[in-house]
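Novice: Fold the following.
(chains A, B, C and D, ligands or ions: 4)
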Amino acid sequence: MQPLLSVENLSIGFGKSEPVVRDVNFSVSAGETLALVGESGSGKTISCRALLQILPRAAQIRSGRMLFNPNGDPVDLATLSSRKLRHIRGNRIAMIFQEPMRSLSPLHKIGNQVAEALKLHGRISDSDAKRRVLEQFERVGFPNPDRTWRSYPFELSGGMRQRAMIAMAMVAKPDLLIADEPTTALDVTTQAQVLGLMKELQQETGMAMILVTHDLGVVANMAEQVVVMHKGRVMEAGPAAPILRAPAHPYTQKLFHAAPKIPDPVAQDRPVERDLILEMRDVAKTFTMRAGKAWAAPQKVQACAGLDFSLPRGKTLAIVGESGSGKTTAARIALGAEAPDAGGQVLFRPTPDATPVAVHRMDRKQRRAFQREAQMVFQDPYSSLSPRMRILDTLSEPLEIHDIGGASERRDRAGEMLKMVGLPTDMLLRFPHAFSGGQRQRLSIARALMLNPSLLICDEPTSALDVSVQDQILSLLEDIRDAQNLSYLFISHDLAVVARIADEVAVMRRGLVVEQAPPEELFHNPNHPYTKALIAAQPTPDVNRPINLKLVAQGAGSPEHWPEQFRFKGSDAPPLVAMSPDKGSEATASGHKVRCHV
Amino acid sequence: MEILRYAIYRFGTMLLTLLVVSVLIFWIINLPPGDYLSNQIAEFRASGQESLVAKAEFLRQEYALDKPLWQQYLIWMGFLPGPHGFSGMLQGNFGWSFEFDRPVSEIVGDSLWLTVLVNLAAVLFVYMVALPLGVIAAAKSRTMIDYTAAFIGYLGLATPNFLLALILFYYGNKHLGLPIGGLMAPEYEGMPMSWDKVKSILLHLIVPTFVIGTSGASAMMQRLRANMLDELGKPYVETAVAKGMRPSRMLAKYPLRVAFNPFVADIGNLLPSMVSGSVLVSVVLGLQTIGPVLLQALKSQDMFLSGFVLMFVALLTLIGTMISDVLLVLLDPRIRYEGRDG
Amino acid sequence: MTQDNRYVDDAPFDADASLREVERKDLDAPNWLLVWRKFRTHKLGLISGIFLLFCYLMLPFVGFVAPYGPNERDAEHLFTPPQSIHLFHEGEFLGPFIYPLTSEADMETFQWIVKPDLETPKQIEFFCEGSKYHIAGLIPSRTHLFCAPDGATLFLWGSDRLGRDIFSRILYGAQLSLTVGLIGITVSFVLGIFFGSVAGYFGGRIDWVINRVIEVLRSLPELPLWLALSAAVPSNWSPVAVFFIISIILGILDWPGLARSVRAKFLSLREEEYVRAAEMMGASSGRVIRKHLLPNFMSHLIASATLSIPAMILGETALSFLGLGLRAPAVSWGVMLNDAQNLASIEIYPWTAIPMLPIIVIVLAFNFLGDGLRDSLDPYQQ
Amino acid sequence: PTLQESEFWKAEVDLGHLPAIGDRLPEVPLVVDLETKGRTLGVQGGTLNTMVTRSKDIRQMVVYGYARLVGFNENYELVPDILESFEEEANRKFTLRLRPGHKWSNGDAFTSADFEYWWKHIANNDQLTPTGPDDFLRIHGELPQVSFPDATTVVFEWSQPNPNFLQTLAQAVPPFIYRPSNYLKQFHQDFASAADLQGEIDYARVKSWAALHNKRDNMSKFDNPDLPTLQPWINATAGKKIRHQFVRNPYYHRIDSNGVQLPYIDTVEMEIVAGGLVAAKSNAGEAELQARGLDFRDIPILRKGEAAGDYRTQLWSNGTASQIAIYPNLNTADPVWRDLFRDVRVRRALSVAINRAAINKSLYFKLAKPGAMTVLEQSPFFDQSLRDAWAQYDPAMANKLLDEAGLAEKDGYGIRKLPDGRPMELVIETAGERQEVENALQIITDDWRDVGVKLIMRPLDRDIMRNRVFSGSSMASVWFGWDNGLPQSYTSPIYLAPTDQVFYSWPKWGQHYQTGGLAGEAPDLVPAMRLMELLEEWNNATDANGRAAAWREMLKIHAENVFAIGIVAGAPQPVVVSHKLRNVPEKGIWAWDPGAHFGVHRPDEFYFEGGDG
Ligand SMILES: Nc1ncnc2c1ncn2[C@@H]1O[C@H](COP(=O)(O)OP(=O)(O)OP(=O)(O)O)[C@@H](O)[C@H]1O
Ligand SMILES: Nc1ncnc2c1ncn2[C@@H]1O[C@H](COP(=O)(O)OP(=O)(O)OP(=O)(O)O)[C@@H](O)[C@H]1O
Ligand SMILES: [Mg+2]
Ligand SMILES: [Mg+2]
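Specialist: Numbering: from 1, shown residues only, chains lettered A, B, ... in the order given. Ligands and ions are numbered 1, 2, ... in the order given. Now for the predicted structure:
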């Protein structure tokens, strides 16, 4: 059988420099999934974009063919006229972009943008389109599709935007779906749901799929074929099972070796910390939606409620949870980027014995001092980098702002930092758009570390990194924490990462913390149905132990189906209560809290 | 809801501003020493026409020009009743034009709608030309199309309006039989609207529209092009391309909307700048718009007339800025007018 | 191909290969140097830039280049059409020369009939003595690059109704047209950008106040102002001084338009994540405006600045209608064009409208320069 | 001659709306003798298109029509026109005899009652004319005895001579001493019923009956189509329009020797056009007769369009005493300059420093007459020596005169220093409307610089300039010379004496005279005072010789004293005439007073070949 798409000897380069993609070959047949894995910055995204001819302006395809053969009449996508290409784009081949936050138009409502994908190819009435889009929204896990339809991108959480992007690519039911890291911003249950949906669609329409991912667990669960890339070249390619079982190439081996796992529990004695660097008391946040009708009352969205966190100095508090559950909001409030609703309090102690500063109402001087100490790695690194600033300037900006060091010292430090996150220093002169997704994420981390802060808030700092680079970054973070007594508020979807780095984990769902405990407690003794579902949904890089996507996708389901204890309706959720110590561990208060009726 | 509330609030501020502006306008037109009637009186005196002096004196009292300035203002605005039942702007009485010896409302009546017509035509022209050209020039930047559009635009900008008008009139008349000057063939004047009259007006509008519009159009085109170029590199444009949109639709829907922000901001200036920009054009082209009337009124210090025209233009400006502020929020949902940390 | 259908790369593998180092020199290069490097590759922009530079550098020396003085009249040769320079006379190479002209009034058509005397070619003189001028307004000199031969005229671009050389007048006119107008632009840009960015970035009350000021300024009529001015300017002020003041006033009146655009854009840009990020790092408002907001509006500003240039050069033609423009003996392109604003100039003496050409050329040069600048600032073009 | 009915009104006559031609004409119509004038007899018909530049210029139709009680003929002699005849006794008693049976354009009889109405109910009504009758009727404050012996006779009688009376009646815009009483009575308090009048007042939205009457009574503004007239064409367009139509007056009093009623041309259409476009539109052949709005510099373009536009461009000469004249303001507020200007040496020096020949050549193709400001050749008082007085180009003499005047010191730029040390920068204000003025000043700038005087030109708006001159703020200004460059002995030389502020050299003196001493300053220069005396002499002179003597001396004083520095005179005025239009003189003088522009050439005698145009 002819493959649906075969890429032959593809080489792509920027400007006059060395090609960044060299002699890449792969092919994918209808109904098949090809997983593209590899190092961050190895050219995965560029190769995918080449298929649709939407390379950055500076890039050229240096050689190679890309034969697309939907109906026995192969065309070379590299040389196709733009008119013909137009009929293929979005219709035959759809793409989910890696950075959904930037890839949606900021001025148009989500519904409009998604429905457009339908309307562009083929006649469909407005109401039909809306119906189908809403349906799709439902299937990618939007709790309230109607609200999503009316939202602007900036009103959605990272994961929600990503799902909107997925919906947009999938509504048109393409022949080939290119999914560039489609689930990085999704929690594992939602991820399972989305992956399940893709599988379903594949079975339904015989869609082929190119899946770029870092999560070997996802590869194991989804792919028939695997292509491993490193520095623009294919290292190893072939059917998934054998490669996963026995990687042949040293890079592949190295990669697989680095995959994190949830460690086995080691009983640890945790003294109760009194030196809290950050405290959040009863923090809630309500947003008003922009897209109101002129005459209707504005719609409110409760992003999070009743948050009580305390972060001891030198420790890591991790937040995991459902996409859209208010994690980012909480983090932004902690940093003072957003004011909490009245009544909430955020307190920061720069030194153990200093009087705490109220982050939510700082004066100018306090704010400046605070900003010197607290830094953030944004969930969406692309948007948070000034597009017209070279990386060198971006990295040295914090130093400049706080007037630290001379110009050349700042540059040295920028170069050093860049090396620490694994990027070559010649990238200092580039602009943010000339990086891969993972590279930008590392830039964001580097920038946050420039000032040697004492509190670092990381909003999914490693979601776009391949496991080996991720390992490197996590080690870096750990080293710094140990060396400088840095404290982290760490948001992540990757439970294995959380298990590795966190001292305490809070699980959030729909704006509420449902369970909070040290990782070893939480992962091995989850109490809340949602936590349980979450752990079950974590994919493992083992082809022999596939998870049942359908099953875990249902996650914990809606509260009505939960055990009596946890059940609630609307906003009258039960309080968070401390768990009595488990039989196993006899230690005193383990600090395990769960939201339930007692 | 919020937008409605904002619009209402904005309308309130507009009225307030209008009040301030009215004070300033009144002050400005009274800035030159004397007023129409005292000038007239002086002139009559100087030339010994005592008879007319008495009449002018009478008018002075009639229109309260002998009162202190602040009272004059209040009377003019209609906050205070004037002598002999003279009521002010708020009551819809715009006063008397000494120069034309007719009520102000009668004089401006015709010119107002002609002004609006000419300027509307010019605005339409600007948008119809500048929008597509600006977008195309950006999409095809650094091509012959781009350069040609720039060249023609700058040609229009670099030609003084009157010269441009003369050239267009002269050759337009010679080769195309276009009429020279005026806004309609004289025979249709005062006739009820008919198809022929409309045709005649349209024919006469060609050159003025072109003359008033070219500079605006090329300015808008170049700025739009620059803004579009900034947007074209953004990822959301790629997303739209990946959807398989036609370039024209894609450009119009996505980047244009972002690029349009500075222009919406300037809508308030569109009409008034054309009104004042077209004053000179109107004077030299003999268009019966409000411009020449204003110039004449200002020169002779015909204060009720110039005051009304200026208030009218000010009102247009304020309405324009109000609309632009409301439109801005509609155009870009991210925009809030609150303070930075509010 | 190895077992189970698998492709494995067989090149030697080094995981940490090639963490390239950037050269220290590049790292230390200031930003403008990088922009300049990029700009150099923009051919049209570069040429335009060099051309403009040349024009400005030439301004002090126009007296040397111009064969005639700005107000030097030749009563014998009114409305002479442009004279062409020849090299060969009857097949013989003579170097640059012209045929002397005689002009005669045609009392039928009321035009001047200009007849070249094809018998006596006269060579153009170089580095010759001519009318007196001042280099840079200071050093008196009489040497000209080239002058008319004795007993003949040299009107490269024709002469006007008083027999003045249009070419020389354009050169002298550049001294005013290329400088004074720019002051107005500068004033308006500084004010517009300052108030616009403050209003847009801070929003809230500051925005409210600035906007009301803008509205009021906008609503206030310009016409009475000009009229009042034209009566109030002291008579013995030199035309250049009047023009200077006027262009500053023009600038002061002009800023609200720009300010509103800047404000609107900044209202939108300030919601961007990177602005938030900078603020979270403690960047001062001034810094955010300068480093993050303004660069993102640069294209618009550059385009606007380019566009104001013809408006400023020609602004005086509109104003001279009210008696406020530049006037003789000052020479500017606007003044020259003002003289050409009649039918006869279009139809019979088209060369009197030649001053339009330098305006267009200058504006196009500024446009391409701006374009080049825009492109070299555009990160996506790197 | 046998009278012929006009085609234009034939339908109306047939319908009985209009009496037949015989009943419309006065018993003794004015029969014009075209042949002796060298004109041809014409036919009725056609539409004449012409342009004016401001809407109030429709009053030009009264000027062009030029039906006056007495008017000038083409030789500038006074002849009865509307009047059948007049008698004049020692300039003190004037008997005006109307044509019996003469009718207003609406058919009302035109009789002495119309004069009486004006005299008793308008001129002497203190609500309509609070200050009483016009000034030209007052001789040393005395008003005439006006009597109306019969329906066709009106007598004006003064105790002292009023030599100017008839000339005033022949002006381009004359004081109308008669009004259509029948029509106007409905707006007059003395005649109309209070209720009717109030209705009319409300309808017209005016304040009082007097305002209403004044509004309706606009003989010279010509903007009330209901107001009966005696002019050849009557206004047929109400309101402010772009194009005004004027149709032939069915009751007009002039006929040709064939019995054809004048005017020949049925309708005149006057379009209001922007000033800058008149030349373009003429060039496109859109005017059949056009001089207003055309300038010397338009000639080439007009000539060029002749073939396509089917017209010819004739060159008349301008009737003002000087095409361009510089008025040093002897009343300027700056004391130093005032003293300088009052020094005749300075004025003479400035005059002789000007190279008039060069200006004539550059601007007028040598077709104008360079020289000082004096009367034109067509006037009996013309004297070449007056024109040449202090008009030669003599920089050396200018330098000498200036040195003598105490201005010998010069600064580093070669500019003379004023007595108080300021540089001698002479600011000349212009109305900025005529390019030729600017160009001439440009040349003069160079000329004056040679004698150490720096000229600064300042274009201003016309009205602003006038006000600055009147208030003494301006130093010197440029305007035309005297409007009337063609005086006869009967022309009052009032404009040569300091009696009017519009002679920009002595605004304050003029104001003094005009206001009877209330404003301004009394003339204090001997020659100026002499001018006043001479004016008085002219007024009191009993015969032409006495008047001529006064005239000559006044002209001489002007020439000697160079009160205004004339540059050139008699510049050609282009007149566009359609090829189909007949009887338009080849050569003529384009003058306002006397002449009423086309008026003295009698446009009612112009006709279209074949009657269509
Ligand atoms: N505009 C550009 N100019 C120069 N180099 C670029 C540009 N865009 C991307 N690159 C480089 O191309 C390489 C491939 O980028 P690509 O986005 O394909 O990586 P990726 O495999 O998708 O990585 P990630 O997993 O981090 O997203 C990277 O090294 C990146 O730095
Ligand atoms: N500016 C805003 N206006 C309105 N709603 C908002 C806004 N910002 C966030 N929200 C809503 O608040 C909720 C929480 O968003 P948040 O970004 O905190 O989620 P999250 O936990 O970070 O999710 P993810 O893992 O997908 O990033 C979401 O429902 C989102 O739609
Ligand atoms: Mg990527
Ligand atoms: Mg988030």
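
Novice: give the contact list for B:Met303.
Specialist: B:29-30, B:35-36, B:95, B:297 (C-beta atoms under 8 Å, 6 or more residues apart in numbering or on different chains). C-beta coordinates here come from the backbone N, C-alpha and C atoms, glycine included.

Novice: Swap in 10 Å and give it another go.
Specialist: B:26, B:29-30, B:35-37, B:63, B:65, B:72, B:76, B:95-98, B:297 (C-beta atoms under 10 Å, 6 or more residues apart in numbering or on different chains).

Novice: And C:Asn338, by the same measure?
Specialist: For C:Asn338, the contacting residues are B:160, B:162-163, C:314, C:316-318, C:320-321, C:325-328, C:332, C:355, D:435, D:438, by C-beta under 10 Å, 6+ apart.

Novice: coming back round to it: out of the contacts of B:Met303, which is nearest to C:Leu377?
Specialist: Closest approach between these and C:Leu377, by C-beta to C-beta: B:Ile29, at 46.0 Å.

Novice: I figured the closest one hits B:Ala297, correct?
Specialist: Yes - using C-beta atoms under 10 Å, B:Ile29 is in contact with B:Ala297, at 8.8 Å.

Novice: So which helix or strand of chain A has the lowest pLDDT on average?
Specialist: helix A:549-553 (a mean of 71; mean pLDDT, DSSP states H and E).

Novice: so how far is that one from its chain's centroid?
Specialist: Centroid separation between helix A:549-553 and its chain, computed with C-alpha atoms, centre = their mean, to the nearest Å, is 20 Å.

Novice: which helices and strands sit right next to that helix?
Specialist: Under the contact definition 3 or more C-beta pairs under 10 Å, 6 or more residues apart in numbering or on different chains; DSSP states H and E, helix A:549-553 sits against helix A:188-205, helix A:529-537.

Novice: Quick one: these as CSV, columns for mean pLDDT too.
Specialist: Putting the helices and strands packed on helix A:549-553 into CSV (pLDDT from 0 to 100) gives the following:
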stretch, mean pLDDT
helix A:188-205, 89
helix A:529-537, 87
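
Novice: after the host helix or strand of A:Leu476, next one along is what?
Specialist: A:Leu476 belongs to helix A:467-484 when assigned by DSSP states H and E. Per DSSP H and E, the first helix or strand lying C-terminal to helix A:467-484 is strand A:487-491.

Novice: returning to that earlier point: contacting residues around the least confident helix or strand of chain A?
Specialist: Outside helix A:549-553, the residues that reach it (C-beta under 10 Å, 6+ apart) are A:141, A:188-200, A:221-222, A:533-539, A:547.

Novice: returning to that earlier point: can you tell which of the helices and strands packed on helix A:549-553 is closest to C:Val198?
Specialist: Comparing the helices and strands packed on helix A:549-553 by C-beta to C-beta, helix A:188-205 comes nearest, at 43.4 Å.

Novice: In strands, which of the contacts of C:Asn338 fall?
Specialist: Among the contacts of C:Asn338, no member falls in strands (criterion: DSSP state E).

Novice: Where do the helices of the stretch 251-400 of chain A begin and end?
Specialist: Listed in chain order, the helices of the stretch 251-400 of chain A (DSSP state H, counting those that start in this stretch) span A:327-334, A:364-373, A:381-384, A:391-401.

Novice: And the residue of chain B closest to chain C?
Specialist: B:Gly339 (2.5 Å; C-beta to the nearest C-beta).

Novice: Name the SS class of A:Ala237, please.
Specialist: What DSSP: H, G, I helix; E, B strand; the rest coil gives for A:Ala237 is strand.

Novice: And the pLDDT at it?
Specialist: With respect to pLDDT, A:Ala237 scores 92.

Novice: Also B:Val126?
Specialist: B:Val126 is given a pLDDT of 88.

Novice: Check whether it sits in a helix, strand or coil.
Specialist: helix.

Novice: from what I can see it touches B:Met221, true?
Specialist: Yes - using C-beta under 10 Å, B:Val126 is in contact with B:Met221, at 9.0 Å.

Novice: Can you pick out the residue with more neighbours from these two?
Specialist: More neighbours surround B:Met221 than the other of B:Val126 and B:Met221, with 27 against 23 (other C-beta atoms under 10 Å in any protein chain shown).

Novice: Next secondary structure after the host helix or strand of that one?
Specialist: Using DSSP H and E, B:Met221 sits in helix B:195-232. Per DSSP H and E, helix B:195-232 leads on to helix B:235-242 as the next helix or strand towards the C-terminus.

Novice: give the contact list for residue 249.
Specialist: If you meant another chain, say so; for now it's chain A. If you count contacts by C-beta under 10 Å, 6+ apart, then A:His249 has A:228, A:230, A:234-237, A:243, A:255, C:2, C:6-11, C:13 around it.

Novice: that's the wrong chain, I meant chain C
Specialist: Contacts of C:Ile249 (C-beta under 10 Å, 6+ apart): C:184, C:187, C:222, C:225-226, C:229, C:324.

Novice: can you tell me which of the helices of the stretch 251-400 of chain A comes nearest to A:Ala50?
Specialist: helix A:381-384 (20.0 Å).

Novice: Briefly note if stretch A:77-91 comes near chain B.
Specialist: Yes - applying C-beta under 10 Å from any C-beta of the partner chain, one finds stretch A:77-91 in contact with chain B at A:82-83, A:85-91.

Novice: quick one: that stretch to chain centroid distance?
Specialist: 30 Å.

Novice: How about the contacts made by residue 141?
Specialist: All of this refers to chain A. A:159-160, A:163, A:166-167, A:186-187, A:189-194, A:197, A:322-324, A:553, A:555.

Novice: think we crossed wires, I meant chain D
Specialist: D:135, D:516.

Novice: Next, the contact list for the closest residue to ligand 1 within the stretch 101-250 of chain B, please.
Specialist: Proximity of the stretch 101-250 of chain B to ligand 1 (C-beta to the nearest ligand atom) peaks at B:Gly233, 10.0 Å away. Going by C-beta under 10 Å, 6+ apart, B:Gly233 touches A:56-57, A:387, A:433, B:255, C:378-381.

Novice: Let me know the closest of the contacts of B:Met303 to chain D.
Specialist: Among the contacts of B:Met303, and counting by C-beta to the nearest C-beta, the member closest to chain D is B:Trp96, at 9.5 Å.

Novice: isn't the closest one right up against B:Leu305?
Specialist: Yes - judged on C-beta under 10 Å, B:Trp96 makes contact with B:Leu305 at a distance of 8.4 Å.

Novice: Just want to know which of those two has more residues nearby.
Specialist: The neighbour count for B:Trp96 versus B:Leu305, taken as other C-beta under 10 Å, is higher for B:Leu305 (29 against 24).

Novice: Please identify the buried residues of the helix or strand where that one lies?
Specialist: Secondary structure from DSSP H and E places B:Leu305 in helix B:303-331. By 16 or more other C-beta atoms under 10 Å in any protein chain shown, the buried positions in helix B:303-331 come out as B:303-329, B:331.

Novice: where does the closest residue to C:Leu217 other than its chain neighbours sit relative to chain A, distance-wise?
Specialist: Spatial nearest neighbour of C:Leu217, excluding adjacent residues (C-beta to C-beta, 6 or more residues apart in numbering or on different chains): C:Pro256 at 5.2 Å. Using C-beta to the nearest C-beta, to the nearest Å, we find C:Pro256 at a distance of 26 Å from chain A.

Novice: SS state for C:Pro256?
Specialist: C:Pro256 - assigned by three-state DSSP - is helix.

Novice: what number of residues lie near it?
Specialist: Look at C:Pro256: counted by other C-beta under 10 Å, it has 28 neighbours.

Novice: hmm, back to that, now do the helix holding A:Leu476 against strand A:487-491, angle only.
Specialist: Relative orientation of helix A:467-484 versus strand A:487-491 (axes from the mean of the first three to the mean of the last three C-alpha atoms, to 10 degrees): 150 degrees.

Novice: Packing partners of helix A:467-484?
Specialist: Using 3+ C-beta pairs under 10 Å, 6+ apart, helix A:467-484 is in contact with helix A:250-258, strand A:316-321, helix A:407-420, helix A:437-449, strand A:455-459, strand A:487-491, helix A:495-501.
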